[in-house]
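S.K.: my questions are about this predicted structure, shown below with the sequence.
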4 protein chains.
Amino acid sequence: MSGPSGRHFLQLPGPTNVPDRVLRAMDRALIDHRGPQFADLTRRILADLSWIFDASEHVFVFPSSASGCWEAALVNTLSPGDSVLAYENGFFAAGWSDVAERLGLRVERIQADWRRPAVASPIRERLASDRGIRAVLIVHNETSTGVTSPIAPVRAALDDLGHEALLMVDAVSSLGTTAYRHDGWGVDVTICGSQKGLMLPPGLGLCATSRRALDANRDAALPRAYWDWAEMRRCNRDGFFPSTPATSLLYGLAESLRMLREEGLESVFGRHARFAAATRAALDGWGLDNHCVDPAGYSNAATTVVGPEGVDVRRFLDEVLRRFDMSLGGGLGRLRGEVFRIGHLGDLNDLTLLGTLAGVEMGMRAVGADLRSGGVEAAMSHLLATTPAGMAPAKERSTT
Amino acid sequence: MSGPSGRHFLQLPGPTNVPDRVLRAMDRALIDHRGPQFADLTRRILADLSWIFDASEHVFVFPSSASGCWEAALVNTLSPGDSVLAYENGFFAAGWSDVAERLGLRVERIQADWRRPAVASPIRERLASDRGIRAVLIVHNETSTGVTSPIAPVRAALDDLGHEALLMVDAVSSLGTTAYRHDGWGVDVTICGSQKGLMLPPGLGLCATSRRALDANRDAALPRAYWDWAEMRRCNRDGFFPSTPATSLLYGLAESLRMLREEGLESVFGRHARFAAATRAALDGWGLDNHCVDPAGYSNAATTVVGPEGVDVRRFLDEVLRRFDMSLGGGLGRLRGEVFRIGHLGDLNDLTLLGTLAGVEMGMRAVGADLRSGGVEAAMSHLLATTPAGMAPAKERSTT
Amino acid sequence: MSGPSGRHFLQLPGPTNVPDRVLRAMDRALIDHRGPQFADLTRRILADLSWIFDASEHVFVFPSSASGCWEAALVNTLSPGDSVLAYENGFFAAGWSDVAERLGLRVERIQADWRRPAVASPIRERLASDRGIRAVLIVHNETSTGVTSPIAPVRAALDDLGHEALLMVDAVSSLGTTAYRHDGWGVDVTICGSQKGLMLPPGLGLCATSRRALDANRDAALPRAYWDWAEMRRCNRDGFFPSTPATSLLYGLAESLRMLREEGLESVFGRHARFAAATRAALDGWGLDNHCVDPAGYSNAATTVVGPEGVDVRRFLDEVLRRFDMSLGGGLGRLRGEVFRIGHLGDLNDLTLLGTLAGVEMGMRAVGADLRSGGVEAAMSHLLATTPAGMAPAKERSTT
Amino acid sequence: MSGPSGRHFLQLPGPTNVPDRVLRAMDRALIDHRGPQFADLTRRILADLSWIFDASEHVFVFPSSASGCWEAALVNTLSPGDSVLAYENGFFAAGWSDVAERLGLRVERIQADWRRPAVASPIRERLASDRGIRAVLIVHNETSTGVTSPIAPVRAALDDLGHEALLMVDAVSSLGTTAYRHDGWGVDVTICGSQKGLMLPPGLGLCATSRRALDANRDAALPRAYWDWAEMRRCNRDGFFPSTPATSLLYGLAESLRMLREEGLESVFGRHARFAAATRAALDGWGLDNHCVDPAGYSNAATTVVGPEGVDVRRFLDEVLRRFDMSLGGGLGRLRGEVFRIGHLGDLNDLTLLGTLAGVEMGMRAVGADLRSGGVEAAMSHLLATTPAGMAPAKERSTT
């Protein structure tokens, strides 16, 4: 490892690096969660969340992990025994299905290729043959596989069939990294968490809703208390929460949303796409395989790399941590030991990415991988060729 | 109000003031929640939680509000339609009952006096007449009323009857402020949150368990996913969590537990008791009434004050905020507009308490209350007479 | 003492409490002290310093204590053997004279009453009889005595006599606490430091200058290098410094000046005057004597209290620290053991002041002083009667 | 530039990156600079400074830049008109000579090669021919040239001649980066600052002394007040300072010294040497020239690179800042526009260094330099081949 000096490289697909502005915003005394200043904070956050989700209906914020909002989405809209259709092309998609089952829903799983983006046709077929399906669950960016799936075709399938099922999307690692349109794509519930593109510590779960999802809430019979939308919506109207909210994380959320607004979403998505492309250029340079085999599915947030022949991926990850003080993501579920994941989302820049890729190359060599050299050079070439023109370092200025 | 200068006085019964040591501990870069350093952090926290709860079985930590753990306690141990007996002597006790009902349990409520500590006899009676009751729910310190209830007699009632019901206790505002013995009192599930005596921001819910509670978990049929103990216990064994934990709050928790260990629990409880007594001395000096009418129930954490005749309590709270930059607690539920609450728990000292009491006196005068003078003087006398001997300011030294 | 809990009460006449906004502004990564962002920072700070000093000519910022700028003022404007006239009515005034002597100047000291503000007549007399005096040194607010002296009459004396001497003023504890007009009063060099009304940690010395002071700089023959104005002025023009500046303190300075601008100087001075008056009301209530015997000289920044008969002041200070975790100022120089000093400047509010005064009263009782009760009550009455109307807590809002 | 995301790469030869542990240690409320807690802090810092300088006599700490201590060293030991011999092989060496002249000393300058380490022979010659020289001034590591000079031969020359001159050394960028032995090499005054190997923000100047330097202090007739050692030594004995010390920087200094102790100086110097070697490997790979032409003088702290033919170095620096959010050092004095400087000292690790070198390569290409590729690869090879064995990431653990 690189010794006791310098900053750890946290290049997971999340949690991501928290910008100092956000850490400092959280490092503040608490306020009364029932006072006027808190109400202002809540209103500002809810307005900015509407903007970033493209969601005109209510967005809910829970003190919870993102997966808590998988549960919130289901218990607020469905009844015991309801059928849901889950498109499973990754570890987190499967996790959501499991939650649905544990809550007493009937889950029909479409087992799909983990190396490709979702295709709408099998969804369309099942929906056509089963009018009783109450919800379709799909993951926008699978953090385990580094594959992004299109959502609009699923909506189109529902619309074409005139099917009543709610469309529920996990956007945990896509919000703030990849263009996402909750209203624009006709999504009914979008789930997110704080620790990916929003650049916060974990601890907040988010649900964006539609009018139809809120209507479904009235009849949904799954038991619920903590996750109940109705009570939270009532309290939020005045700027408050039914139970004590996670004040310091909300301070941070207000700041991270302000940063994203300052930068502009086009620029945010553009830099994620650029870092993802530079990472793939490095893979090509080294001769390593992207786990995602369809360019249409390449993820802005993370690249999942197939461990090369003869390399013990877990040992590779250990060596990268021990020698170079960097955390990369390991393979999850059936991919354990098969792949590793490079997070390139959130708060990082060209030189951090290049340091990351250098760590990957050295780590591979440390475990004896027969890598071509030239990966880092290729990433440099890509970054140099695509430097955005005419920009000045804006972030620091605004904080001085 | 006192103008834009100085620190806000946050004298709620919680959230409480977060010590700078804890804020600074949270103001740190994130680490890999699946890495070895995280495992160390988890193990240290769990060991310290065992100590502070006096709980030899597993303590669970959720990213949630404390009330989330009301739900966790129930869904992990009970089945649909099970009967629970709830002792209701305050707003939060009633809230827990509501949660139980929403989750599909049959809730038998003992409506008790909100101004006195719980008495075991009605609990004993109901238990004697209904062997099918599966759990008894009771609040140790009712944050809404400033009344602390004894838990041991409830255990004794269960034991005397040989009754199988689980004993579940809300210790949200007593842990870290008042002697609490999870094992010692034979409690099966104790619920707590981060933002009271643990001096953290809100965002963590805690459940201490017993062997019987963990056994009940195996057969409990209430649907659960997020709150499931079994999976968390499995993951915790290696130092990890089933979903992404709230890392920065865990950093803070490790630090606050370290501070409490440094001070020693006897000293912690002693200073809470001393501040509570000084506050009551001020009430006597002013001629204001404590909402709690039984000295055996006086709370270490907060004192609930009956609004004097002719005073608009809500206007009083507004004036205290506007003029003196202090947040006090208002009345909750049926006490709305009737009482206000002075929090004297967590991170404060003699002079902060006296500033607080001075703010109460001035606020009362500002709304025309006919108060005797002398409340602050009485509190000073109490504090002066009870200054702990021979101590040196330890806290700062340890951090320099 | 009050135990290991809560915040230390730092009620010195300086260093003062640093607002969290300022601490957090300093808690930031460094930037290149020769880069464009630094130049922006320098320019903004210099503009805001002009505003707060009321100084149209250059203001110099040194990494140094305030007393370093006593030296900077002298070595930049005078030559070996030059005569200066020093008005000595306190410990810091005497300290400045000592510095002048050590630097090779001839110092004529007017030994004046430490309990009263300066009077211009003896200055006028000496100036009239000695045309060769090159500078008059006077302290605006003597931090050791809690006495504020008028500056305008000294300027008038110089003007009436057509005397060429430079007027140099120590405004270390008055800037940001008391109306101060560098240009308006015709001051040639004003000296200040960061740790009083500017609410920063110590480490920055400041010199505001006049055209005549800058002209004198050209011929001044005292040796100088570190303190040299000419080189700093040249560098400052481009936003830089001749040697590495104290970046983090400059971050803090930018923030504290922003806070003072947000509040407005009238309001800043008003709240200091109000806290000083409340403190004096407490003294009257207790029957303690103000060291300053002329109401015209009462200080906005600090009140120096005569130790009552039979009280060991040093033991009093020790007990206040040990029992109540509060630091008050002790007597300096000839006042050692005779007085103590209550700082009421910088970042504090009504309730902090009342906590402070309560600590004074309890500390006095702890050492057996025969105090009348009623001091804290009197301060409360004053504060309640003088609450500024119609203001809302502005500070926090701007940071959320 | 790399956009508004991620951390600025501050790869100057100083100020260096401040570790979060140090920033957080500074982000604390102030304490009484005349109280017992402060005395403890002072004593601990002075003891740790003795250790890091290898200096058994007093070490002085001033609120000042490092160059302030050039002045402190001179005014405390010399008298007007005294002769000093200055070895000038760089911009900062020349700056120190200028200070000496401005203070009224006669300065004999040995104009030496800026691309090579100092050689003792010309010093020996001048000393032999002039017994009246009172001090020899030399820079250990010239931050402007990236050249480290040996100090022991200079001491040997003095000893061989039995010459009385004091040996004064600027170790501003070597302390904490390169083995330095104040006592071991017989140095009389060593000067340092806070913002290089000590990893603090700028704002503290340091002087380590010898018995002979302290003796010289008694007769030294240069005027002094702020910089006076005698008074500071007196105050330091009790743990205090003659003027208000820069408390928050002292908090940081205590923490950075603790970190250096935890790591051990051998390890600290080893990682600096390793990063310097990796940087030189990159230069070789690119075909760029090190400004230092003698391997014996290669600096652990910074590498000065000769701008390649046809490259506008200033434009290169601007592009690196604008495109890649990195600050490198420019050429100073006669090297302006000729060289640039890569800082590899203080708080950084392998991947940060590789990101830095990648930025250099891309910046060079951005301004059209005809660089060989392979510099970053060469640095990776060096780092991989020299990874310290058997170490675990220690830093983070100790702070959790």
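M.R.: Arrived safely. Residues are numbered from 1 along each chain as shown, chains lettered A, B, ... in the order given.
S.K.: how far away is A:G14 from C:P388?
M.R.: A:G14 sits 48 Å away from C:P388, taking Cβ to Cβ, to the nearest Å as the criterion. For the C-beta atoms, the positions are set from N, CA and C on the backbone; glycine is no exception.
S.K.: for those two, work out which one has more neighbours and name it.
M.R.: When A:G14 and C:P388 are compared on other Cβ atoms under 10 Å in any protein chain shown, the one with more neighbours turns out to be A:G14, at 28 against 13.
S.K.: and the more buried one, how close does it get to chain B?
M.R.: In this structure, A:G14 lies at 8 Å from chain B, with Cβ to the nearest Cβ, to the nearest Å as the measure.
S.K.: which residues are in contact with that residue?
M.R.: A:G14 sits next to A:T143, A:V172, A:S173, A:G193, A:Q195, A:K196, A:A301, A:A302, A:G343, A:L345, A:G346, B:T244 when contact means Cβ atoms under 8 Å, 6 or more residues apart in numbering or on different chains.
S.K.: double-check that it belongs to a strand.
M.R.: No. Secondary structure assignment places A:G14 outside any strand; it is coil (DSSP: H, G, I helix; E, B strand; the rest coil).
S.K.: quick check: the gap between it and chain D.
M.R.: Counting by Cβ to the nearest Cβ, the separation of A:G14 from chain D is 15 Å.
S.K.: ranges for the strands of chain A?
M.R.: For chain A, the strands defined by DSSP state E cover A:9-11, A:59-63, A:83-88, A:106-111, A:133-139, A:141-142, A:147-148, A:166-170, A:189-193, A:204-209, A:289-290, A:302-306, A:326-330, A:339-343.
S.K.: from the chain's centre, how far out does the fourth one sit?
M.R.: A distance of 22 Å separates the C-alpha centroid of strand A:106-111 from that of its chain, computed with Cα atoms, centre = their mean, to the nearest Å.
S.K.: with only the CA atoms kept, save that strand in PDB.
M.R.: Output in PDB follows, covering the C-alpha atoms of strand A:106-111 (Å, rounded to 0.1, in the frame of the first residue of the first chain):
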ATOM      1  CA  ARG A 106     -46.200 -12.500  -6.100                       C
ATOM      2  CA  VAL A 107     -43.100 -11.700  -8.100                       C
ATOM      3  CA  GLU A 108     -42.700 -12.800 -11.700                       C
ATOM      4  CA  ARG A 109     -39.000 -12.500 -12.600                       C
ATOM      5  CA  ILE A 110     -37.700 -12.000 -16.100                       C
ATOM      6  CA  GLN A 111     -34.300 -13.600 -16.000                       C
END
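S.K.: ok, and does stretch A:231-245 reach over to chain C?
M.R.: No. With Cβ under 8 Å from any Cβ of the partner chain as the measure, stretch A:231-245 is seen stopping short of chain C, the closest distance being 12.3 Å.
S.K.: for stretch A:270-286, buried residues please.
M.R.: Of the residues in stretch A:270-286, those buried under the neighbour-count criterion (16 or more other Cβ atoms under 10 Å in any protein chain shown) are A:270-286.
S.K.: which members of those residues occur in helices, if any?
M.R.: Using DSSP state H, the members of these that fall in helices are A:270-286.
S.K.: hang on, A:D219 packs against A:S79?
M.R.: Yes. Taking Cβ atoms under 8 Å as the definition, A:D219 is a contact partner of A:S79 at 7.3 Å.
S.K.: pick out whichever of the two has more residues nearby.
M.R.: Using other Cβ under 10 Å as the criterion, A:D219 and A:S79 rank with A:S79 on top: 14 against 9.
S.K.: ok, the nearest residue to the more buried one once chain neighbours are set aside to chain C distance?
M.R.: In this structure, A:S79 finds its nearest non-sequential neighbour in A:A221, 3.8 Å apart by Cβ to Cβ, 6 or more residues apart in numbering or on different chains. Counting by Cβ to the nearest Cβ, the gap between A:A221 and chain C amounts to 39 Å.
S.K.: ok, now A:L384?
M.R.: On the measure of Cβ to the nearest Cβ, A:L384 and chain C end up 22 Å apart.
S.K.: which residues does A:P80 contact?
M.R.: Contacts were defined as Cβ under 8 Å, 6+ apart; by that measure A:P80 touches A:G104, A:L105, A:A221, A:L222, B:P223.
S.K.: out of the strands of chain A, deepest packed?
M.R.: Mean neighbour count, computed with mean count of other Cβ atoms under 10 Å in any protein chain shown, is highest for strand A:141-142 among those, reaching a mean of 32.
S.K.: that strand close to chain B?
M.R.: No. Residues of strand A:141-142 are not located near chain B by Cβ under 8 Å from any Cβ, the shortest gap being 15.7 Å.
S.K.: hmm, back to that, give me the buried subset of the contacts of A:G14.
M.R.: Applying a neighbour-count criterion of 16+ other Cβ under 10 Å, the buried members of these are A:T143, A:V172, A:S173, A:G193, A:Q195, A:K196, A:A301, A:A302, A:G343, A:L345, A:G346, B:T244.
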